[in-house]
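J.: Predicted structure and sequence below. I'll ask about it afterward.
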Amino acid sequence: SQQGEEDPQALSIQEGENATMNCSYKTSINNLQWYRQNSGRGLVHLILIRSNEREKHSGRLRVTLDTSKKSSSLLITASRAADTASYFCATSAWSEDMRFGAGTRLTVKP
Amino acid sequence: DVKVTQSSRYLVKRTGEKVFLECVQDMDHENMFWYRQDPGLGLRLIYFSYDVKMKEKGDIPEGYSVSREKKERFSLILESASTNQTSMYLCASSLGEVRGNTIYFGEGSWLTVV
């Protein structure tokens, strides 16, 4: 299975700081996605990065992908209390469906 | 906007009961999924379907079955509920035949088996 693993498991920062979460995986992928989950709710798609891309931006989000290291990072700049949530990476290979990691729980203190 | 609707948000069932979790999507997506989410374990894929009347096992299909009689509806069935099936269940859908498309999730169904 190419399930991603997020690191750290939990992260606590102050409002205004940047938050960085990492994802590692084991096999070749065709894309990697990041999702957000507010407590007790469903997951919401944030950003998709393909295996031939190295970096993508969306608003305050920046995602990088290093296929040689089989890792990705999600950076949230100028964090807000509303960013408090769990963040999951999901990887997909050409012949397999997406698998999700256990997530990083981000707490942004006002 | 894509909408995936799970019919029950909270359920409490007794051990041995047959449980139906219903899910409907309104964007004509070909693919539908059922995940289970437990603390520390992330999301685990139970079953998925790429077409009407078609189903494939995910990582943890034991104790579950599914039904997809119409394209927009995907049901998860617990034939005989057990306490270790107490969990949050997430239904999802995605477009097209290509694997790895963006997945759209419902709000989840919290099932407690007593």
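T.: Sure, I can see it.

J.: contacts, neighbours, all on C-alpha from now
T.: Noted.

J.: can you give me the strands for chain A?
T.: For chain A, applying DSSP state E gives strands covering A:5-7, A:10-14, A:19-24, A:31-37, A:43-50, A:55-58, A:61-66, A:71-76, A:85-93, A:96-100, A:104-109.

J.: swap in chain B?
T.: Secondary structure of chain B by DSSP E: the strands cover B:4-6, B:10-13, B:19-21, B:23-25, B:31-38, B:42-49, B:56-57, B:64-70, B:73-78, B:87-94, B:104-105, B:109-113.

J.: Distance from the last one to the middle of the chain?
T.: Here strand B:109-113 shows a centroid-to-chain-centroid distance of 12 Å under the convention C-alpha atoms, centre = their mean, to the nearest Å.

J.: residues in contact with it?
T.: Outside strand B:109-113, the residues within contact range by C-alpha atoms under 8 Å, 6 or more residues apart in numbering or on different chains are B:6, B:8-15, B:21, B:81-90.

J.: give me the residue from chain B nearest chain A.
T.: Using C-alpha to the nearest C-alpha, the closest approach of chain B to chain A is made by B:Gly42 at 3.6 Å.

J.: I'd like to know how many residues surround that residue.
T.: Here the number of neighbours of B:Gly42 (other C-alpha atoms under 10 Å in any protein chain shown) works out to 18.
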